[in-house]
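[1] coordinates only, no sequence provided:
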């Protein structure tokens, strides 16, 4: 059982790190959209390539433009926070329950 609990603990930690990094990517991309950066800049293209597919999926189901402001980044951040507080913590607690603490 300790192997499964260690695996779940490692997966939860890695998932938490990946979600945190993606949240910062979303924040940086949203901040850059306010200053209208050069679309040919490789950093801007990289950030847009990482965020736009997720934004498109959200825009299919929820109208995200209100008064000229796109709230898709805010929705993504809220989903990330939910996943960190529900999924990551649940995996972490399950790992400790399997260890018998």
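    Thanks, I have the structure now. Treat the numbers as computed from the prediction; the structure is a model and nothing was measured. Residues are numbered from 1 along each chain as shown.

[2] quick one: pLDDT of residue 50?
    Looking at residue 50, its pLDDT is 97.

[3] check the offset of the longest helix anywhere in the chain from the chain's centre.
    Assignment by DSSP state H gives helix 2-35 as the longest helix of the chain. Computed by C-alpha atoms, centre = their mean, to the nearest Å, the separation of helix 2-35 from the middle of its chain amounts to 6 Å.

[4] elements contacting that helix?
    The contact analysis (3 or more C-beta pairs under 8 Å, 6 or more residues apart in numbering; DSSP states H and E) places helix 2-35 against helix 42-61, helix 72-83, helix 89-99. All C-beta spots, glycine's among them, are computed from the backbone N, C-alpha and C.

[5] turn those helices into a markdown table, columns for mean neighbour count.
    Formatted as a markdown table, the helices and strands packed on helix 2-35 follow (neighbours: other C-beta atoms under 10 Å):
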| stretch | mean neighbour count |
| --- | --- |
| helix 42-61 | 13 |
| helix 72-83 | 16 |
| helix 89-99 | 15 |
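
[6] to residue 1, which of those lies closest?
    Closest of the helices and strands packed on helix 2-35 to residue 1 is helix 89-99, at 5.2 Å (criterion: C-beta to C-beta).

[7] in TSV, list the helices and strands packed on helix 2-35 along with distance to residue 19.
    Below are the helices and strands packed on helix 2-35 laid out as TSV (distance: least, C-beta to C-beta, whole Å):
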stretch	distance to residue 19
helix 42-61	12
helix 72-83	5
helix 89-99	12
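
[8] leaving out sequence neighbours, find the closest residue to residue 91.
    residue 12 (3.8 Å; C-beta to C-beta, 6 or more residues apart in numbering).

[9] the one you found and residue 92 touch, don't they?
    Yes - with contact defined as C-beta atoms under 8 Å, residue 12 reaches residue 92; the gap is 4.4 Å.

[10] now what about the lowest-mean-pLDDT helix or strand in the chain, what contacts it?
    Every helix and strand of the chain was ranked by mean pLDDT, DSSP states H and E. The lowest is strand 65-66, at a mean of 88. Contacts to strand 65-66, defined as C-beta atoms under 8 Å, 6 or more residues apart in numbering, come from residues residue 71.
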